[in-house]
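>>> return a 3D structure for these sequence lines:
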Amino acid sequence: MRPGLVAKPASEDAMDSLSRHEQLLRVFHLIDILFGARQPLSTAELKDRLQSRGVIDEMSDKNIRRDVEFLVRFGYAVKETKKRSPRGATVQAWEIRPGRGAVELTAPAITLPELLSLAVARDLLAPLAGTIYWRGVSQVIDKLERVATPELLTYVGDHQEGLVVHPRPARGKYRSRMLNAVHRAIRNSLELEIRYTSLADTKPKKSTIRPEAIVLYDGAVYIAARRAASAGRKASRGDGDIRFFKLDRVTDARVTSRTFDRPPTPVADLLADSITIYRSTDPPRRYRIRVEPERARWAVEKPFHPRQKVRQQADGGVILEIERAWDGEMIPQLLALGEMVEVLDPLDVRERIADMARAIVARYSGRPRRAADTLPASG
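A predicted model of the protein is given here:
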């Protein structure tokens, strides 16, 4: 969180053996409950509201009181008082005391799950620094810092190391001006003129695209778009199909005034049949793949394909049935698993992989090629 916060007090070491993460969950719900209450709440009422939120199943009154003491220790002005129970007895109750810490007594604008997700969301959205998405996360963090006490923010920060984003995306990798232009074109359905260098090109080429979404994949940002017709360019097969333009290869992006009609199918639905973000103009095909027992659990848990159907085998292996997949995406993924997989269908893909395997064996059967020690001066 923010630097320079008060160090964690030594008295925290006296906490009982209850999970610190579970207590943090309860404490933030208690903050929300007490701020929203119109009258003091007894131990039984606090317990009932925590149970109704699904935070606890059962808990002793002693631990409820300990959580309230935790709030007091971390700077919240919680006042102990008395009230009548439904049976007429006088019971202990708590309420937020006005006065001290006026900033901290602002009603919380976020919930605990949002709080615990902020640190991770900030890491995941790091490639979008400078855009409306990044600013939105920063604004929520600002709200949190106005609601929580410095001691409590420090406590939360100490527990962030319990969840790691790896590999951590690079912050500020892309120019905010370019990202904002792409976002504006998507939001307003405007054509976008870009200068793009594909892997087959040696220098950027100008293209007009119709962007539909920004896609975060494998630490990089892609523009999901379709090519727009432009003067001087012949129409080609697949012009109307969705493509993914990697933002690393975009040198310039300019929003035009030309609008377009967005197709009814969302980009997320178009990716439902893909392992990665691969798309092809060829129709997808049905695959049947056997995975050996050593990789069966991995193939099921990952999963290997988002829409796979799994058939368990007696030896511990599995058969994966995939109704829609593209050869250009599947073959590299299958080669990466080596001898742990066997393609049963389509038969022509099985033969292609066998040919590749023979070529690999031939490459490694001889002596390794000696690398050149020097390059020509012109190189």
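>>> so for the helix or strand hosting I33, what's the average pLDDT?
Per DSSP states H and E, I33 falls inside helix 20-36. Average pLDDT, helix 20-36: 75.
>>> what about the helices in the stretch 201-350 of the chain?
Ranges of helices in the stretch 201-350 of the chain, per DSSP state H, counting those that start in this stretch, are 267-270, 293-301, 327-336, 347-365.
>>> CSV please, covering those helices and showing mean neighbour count, distance to F70 and mean pLDDT.
The way it works is simple: take the backbone N, C-alpha and C, and place the C-beta from them, glycine included. Output for the helices of the stretch 201-350 of the chain, formatted as CSV (neighbours: other CB atoms under 10 Å; distance: least, CB to CB, whole Å; pLDDT from 0 to 100):
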stretch, mean neighbour count, distance to F70, mean pLDDT
helix 267-270, 14, 41, 86
helix 293-301, 15, 37, 93
helix 327-336, 15, 49, 92
helix 347-365, 11, 60, 93
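>>> out of these, which gets nearest to D282?
helix 327-336 (7.4 Å; CB to CB).
>>> got a list of contacts for the closest one?
Contact with helix 327-336 is made by 274-276, 278, 280, 282, 285, 287, 289, 304, 341, 343, 349, 352-353, 356, as judged by CB atoms under 8 Å, 6 or more residues apart in numbering.
>>> show me which of those residues are buried.
274-275, 278, 285, 287, 289, 304, 341, 343, 349, 353 (16 or more other CB atoms under 10 Å).
>>> which of these sit farthest apart?
Of all pairs in those, the most separated under CB to CB is S274 and I353 at 19.7 Å.
>>> okay, domains of the protein per the record?
Per automatic domain parsing, the structural domains of the chain span 1-6+17-173, 191-269, 281-365.
>>> could you export the helices of the stretch 201-350 of the chain to a markdown table, including columns for distance to I194?
Converted to a markdown table, the helices of the stretch 201-350 of the chain look like this (distance: least, CB to CB, whole Å):
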| stretch | distance to I194 |
| --- | --- |
| helix 267-270 | 17 |
| helix 293-301 | 38 |
| helix 327-336 | 24 |
| helix 347-365 | 34 |
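>>> out of these, nearest to K203?
helix 327-336 (25.4 Å).
>>> tilt between the closest one and helix 347-365?
50 degrees (axes from the mean of the first three to the mean of the last three CA atoms, to 10 degrees).
>>> export helix 327-336 as PDB, just CAs?
Extracted C-alpha coordinates of helix 327-336, given in PDB (Å, rounded to 0.1, in the frame of the first residue of the first chain):
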ATOM      1  CA  ASP A 327      -4.500 -27.600 -36.500                       C
ATOM      2  CA  GLY A 328      -2.200 -24.600 -36.300                       C
ATOM      3  CA  GLU A 329      -2.900 -24.200 -32.600                       C
ATOM      4  CA  MET A 330      -3.100 -27.800 -31.600                       C
ATOM      5  CA  ILE A 331       0.000 -29.300 -33.300                       C
ATOM      6  CA  PRO A 332       2.500 -27.000 -31.400                       C
ATOM      7  CA  GLN A 333       0.800 -27.700 -28.100                       C
ATOM      8  CA  LEU A 334       0.800 -31.500 -28.800                       C
ATOM      9  CA  LEU A 335       4.500 -31.500 -29.800                       C
ATOM     10  CA  ALA A 336       5.400 -29.700 -26.500                       C
END
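>>> chain center to that helix: distance?
25 Å (CA atoms, centre = their mean, to the nearest Å).
>>> for stretch 64-81, same thing?
Offset of stretch 64-81 from its chain centre (CA atoms, centre = their mean): 35 Å.
>>> before we move on, what SS does Q51 have?
helix (DSSP: H, G, I helix; E, B strand; the rest coil).
>>> count of neighbours near the nearest residue to it once chain neighbours are set aside?
Once flanking residues are discounted, Q51 sits nearest to D57: 7.1 Å by CB to CB, 6 or more residues apart in numbering. Neighbourhood size, D57 [other CB atoms under 10 Å]: 7.
>>> identify the residues contacting A185.
191-192, 211, 253, 255 are the contacts of A185 under CB under 8 Å, 6+ apart.
>>> in which helix or strand would I find it?
Secondary structure (DSSP H and E) places A185 in helix 176-188.
>>> please enumerate residues in contact with the next helix or strand after that helix?
Next in sequence after helix 176-188, counting helices and strands by DSSP H and E, comes strand 190-196. Under the criterion CB under 8 Å, 6+ apart, residues 181-182, 184-185, 204-211, 223, 225, 228, 245, 249-260 lie in contact with strand 190-196.
>>> buried members of these into ChimeraX, please.
Selecting just the buried residues from these in ChimeraX takes one command, with 16+ other CB under 10 Å as the test:
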select :181,182,185,207,208,209,210,211,223,225,228,245,250,253,255,260
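>>> re the thing from before, inside strands: which ones of the buried ones among the contacts of helix 327-336?
285, 287, 289, 341, 343 (DSSP state E).
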